[in-house]
Each structure stands twice: as structure tokens, then as C-alpha cells.
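Chemist: Sequence and predicted model, in that order:
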Amino acid sequence: MNKIRIAMVGAGETATPLLRQLLDAPFVELIGVAELNMALPGVALARERGIPVTDNFIELAEQGERVDIIIDLTGSRKVREDLRRFMQFAGNAHTVIMHERIALLMMSLSAGQLVETRHESLSY
């Protein structure tokens, strides 16, 4: 069975429920999680399940075509810009960067209700 290879940037309050779903999905291979705050529960969960964790999200992007989707749950415009810039520089036309707004939609559909985020700006 083919798996969708995913990397997550952000492991905070919004990201942790999605991280749980991804870890439990048999069709997903979680490549890694990037988070600046290593004390967050999402980081602990990833480590418990043997998923590599880093505080440098570019390390995930550097894996190139080994990653199908990078889910950005940081709410940070700078992170999004840096990710896009790196992907263009690296010539990676394979990996898709999934915006937090799309992740919130998917999580809301799964939960059957709107999932809120603490991030103030979700601009692209």
C-alpha cells in the first residue's frame, strides 16, 4: 500500500489533534515534525511514536521528494514565505505546502464542527 508522506511544521494546540489523526492513519507516513518549543505535548507525542523532531523546519523541506506534503500549522507568515522560497530554490516541484487554513478545514470536517485556532492571521 502506498502511503502519503507528510511533514508537519508546528506541534502546538491546533496541530496536536491533527498529529494524532495522522499518526493513527495507516495510509500516512509521518516523516518529521518541526517545532521551536520542544516542551509542547505534540513534540512529546511525536517522540513517543518514534517520529523525528527538529526545531528547524527547513530540515524537513530539505528532504525533497521524500515528503509529499508539508503541513504548515504555525500561523506564521515568515515560515510560509521561507518554506516557499526554499522549495523554489531547491527546485522541488513535488512537495506541496499545505496552508493552515486547509488543515483547519480538514480537521473541522473530521470533527463535525469548526475547529478554532489561536493564530490571529491566516493570510497566505
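Modeler: Structure received.
Chemist: in a helix, that's where residue 115 is, yeah?
Modeler: No: Residue 115 is assigned coil when assessed by DSSP: H, G, I helix; E, B strand; the rest coil, not a helix.
Chemist: quick one: contacts for it?
Modeler: Contact analysis of residue 115 by C-beta atoms under 8 Å, 6 or more residues apart in numbering lists 14, 17, 104, 107-108. For the C-beta atoms, the positions are set from N, CA and C on the backbone; glycine is no exception.
Chemist: Output those in a markdown table; the columns should cover pLDDT and distance to residue 58.
Modeler: A markdown table is the format used below for those (pLDDT from 0 to 100; distance: C-beta to C-beta, whole Å):
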| residue | pLDDT | distance to residue 58 |
| --- | --- | --- |
| 14 | 83 | 21 |
| 17 | 90 | 25 |
| 104 | 88 | 24 |
| 107 | 84 | 25 |
| 108 | 89 | 29 |
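Chemist: Neighbour-wise, which one of those leads?
Modeler: Per-residue neighbour counts (other C-beta atoms under 10 Å) across the contacts of residue 115 peak at residue 14, which has 22 neighbours.
Chemist: so it touches residue 71, yeah?
Modeler: No: with contact defined as C-beta atoms under 8 Å, residue 14 does not reach residue 71; the gap is 10.8 Å.
Chemist: Find the residues that touch each one of those two.
Modeler: Counting by C-beta under 8 Å, 6+ apart, the contacts common to residue 14 and residue 71 are residue 103.
Chemist: Could you dump the contacts of residue 115 into CSV with secondary structure and distance to residue 43 added?
Modeler: Converted to CSV, those look like this (DSSP: H, G, I helix; E, B strand; the rest coil; distance: C-beta to C-beta, whole Å):
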residue, secondary structure, distance to residue 43
14, coil, 14
17, helix, 14
104, helix, 20
107, helix, 19
108, helix, 24
